[in-house]
Structures are given as structure tokens and as C-alpha cells.
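Trainee: when you get a sec, could you give me coordinates for this:
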Amino acid sequence: MWKYYGRSRPTFAEKTTGDEESVWDYPRPPKIERVFVDIIVKIDEVIISQSPEAFKVSETASPPTYYIKAENVSIENFVKHSGSSYCEWKGVATHWKLKSKSSVGVVGWSYDNPNEPYHYLKDCFAFYPAKLNCFLENERVRPQPGKFYGGWVTNNIKGPVKGALGTEGW
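Mentor: Residues are numbered from 1 along each chain as shown. Next up is the predicted model:
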């Protein structure tokens, strides 16, 4: 079913210039890299994570997802959710909710025992920009379309990105 693996852009891919990145150049399976970027995650105006670095995971057709080391996350603000999900590459994800606003639902996830080569993600958290206020280098991140994915859309990301209705076959 999957047609694209980051080896060539489809005809409908947006053009890039300068420092822009096309989600169609990202590989499948996803690439993981350590990046030194300023990240802030807030609930309302309360900072719940602030970090000068993260692990960036980039996969064909999706904007990158950023994983922040637990030491840079105010873990006391979170409680494990009873549900989980499975990534064919990274393994079983633990879901997290906010203690103070559990009605918001799952706001992030982590991997207790990620598959290789994603072992770097152990003790890291990723957050949904649709549920929290996420900032990358002072830019407010926009959420990836759909309710399932957690990619971070910024001004330098070119798509279209998967998640919207009609993109299931990408």
C-alpha cells in the first residue's frame, strides 16, 4: 500500500527553496538525529518542558517529531494513560495525560523499550502540538493534520503532509 520511501518526490509535492525541507525527502523507515534546537512546551502559559536539544525523527510524508529527554520535562505534570499504541519502527508507546487537565486527553507519548536503532528515544517524551503549545526556535508549531500523528509543522516544512482525509495511501 505504501508508495513513497523518500527516494523521489511525487508530482504533487510542494517545491522547496533555501532552508526549507520537503517531507518527501525524509526516508522510510524514519531517520533519527540529535539536534540542538530550542524547544518549549506549554500548557496555557505554564512551561512544562524546555530543552536546548532533542531527537528529531523524520519519516516520509510527515513533518518531524521531536523527542525531549525526560530530564527536560516536568514529569510531575503528567500521569500515564491506560492506552498505548504501536509503531512498526519504534515499538510500543506509552501515552501520557496532564494531571491537571485530564479531560484534554492524551497529550504525549514515550517509549519504555524502543526498538533499534531508536534506543535513543528511551526516557524521552514527544508531545502533540494539537493539545499543547509547542515552540521550536521561538516559532509556534502547528499540528500535523488528523488525530493520530504528532508531527510538528513549521514554516520551513513543505508537504503536503499525511494525516488529512485522502492521504491514507501515502
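Trainee: could you use CA atoms for every contact and neighbour count after this?
Mentor: Will do.
Trainee: quick one: list the elements packing against the lowest-mean-pLDDT helix or strand in the chain.
Mentor: The weakest-scoring helix or strand in the chain, judged by mean pLDDT, DSSP states H and E, is strand 78-87 (a mean of 93). Here strand 78-87 touches strand 91-98, going by 3 or more CA pairs under 8 Å, 6 or more residues apart in numbering; DSSP states H and E.
Trainee: and the angle from the least confident helix or strand of the chain to strand 91-98?
Mentor: 150 degrees (axes from the mean of the first three to the mean of the last three CA atoms, to 10 degrees).
Trainee: not counting strand 78-87 itself, show me its contacts.
Mentor: Contacts to strand 78-87, defined as CA atoms under 8 Å, 6 or more residues apart in numbering, come from residues V92, A93, T94, H95, W96, K97, L98, K99, V106.
Trainee: repeat that with 6 Å
Mentor: V92, A93, T94, H95, W96, K97, L98, K99 (CA atoms under 6 Å, 6 or more residues apart in numbering).
Trainee: in the chain, where is pLDDT below threshold?
Mentor: The chain contains residues with pLDDT under 70 at 1.
Trainee: any idea which residue is closest to the centre of it?
Mentor: For the chain, the residue nearest the mean C-alpha position is T65 (2.3 Å; CA atoms, centre = their mean).
Trainee: leaving aside the residues adjacent along the chain, what's closest to it?
Mentor: Nearest non-adjacent residue to T65, counting by CA to CA, 6 or more residues apart in numbering: G151, 4.7 Å away.
Trainee: how much space separates the one you found from K42?
Mentor: As judged by CA to CA, to the nearest Å, G151 and K42 stand 17 Å apart.
Trainee: which one of these two is surrounded by more residues?
Mentor: G151 (27 against 16; other CA atoms under 10 Å).
Trainee: need phi/psi at the more buried one.
Mentor: Reported as degrees, to the nearest 10, the phi and psi values for G151 are phi -70, psi 150.
Trainee: repeat for S103
Mentor: Torsion angles at S103 (phi, psi; degrees, to the nearest 10) stand at phi -70, psi -20.
Trainee: swap in W24?
Mentor: Dihedral pair for W24: phi -80, psi -10, per degrees, to the nearest 10.
Trainee: hang on, isn't it packed against R7?
Mentor: No: judged on CA atoms under 6 Å, W24 makes no contact with R7 at a distance of 8.0 Å.
Trainee: ok, the two, which is more surrounded?
Mentor: W24 (25 against 12).
Trainee: quick one: that one and W152, what's the gap?
Mentor: On the measure of CA to CA, W24 and W152 end up 15 Å apart.
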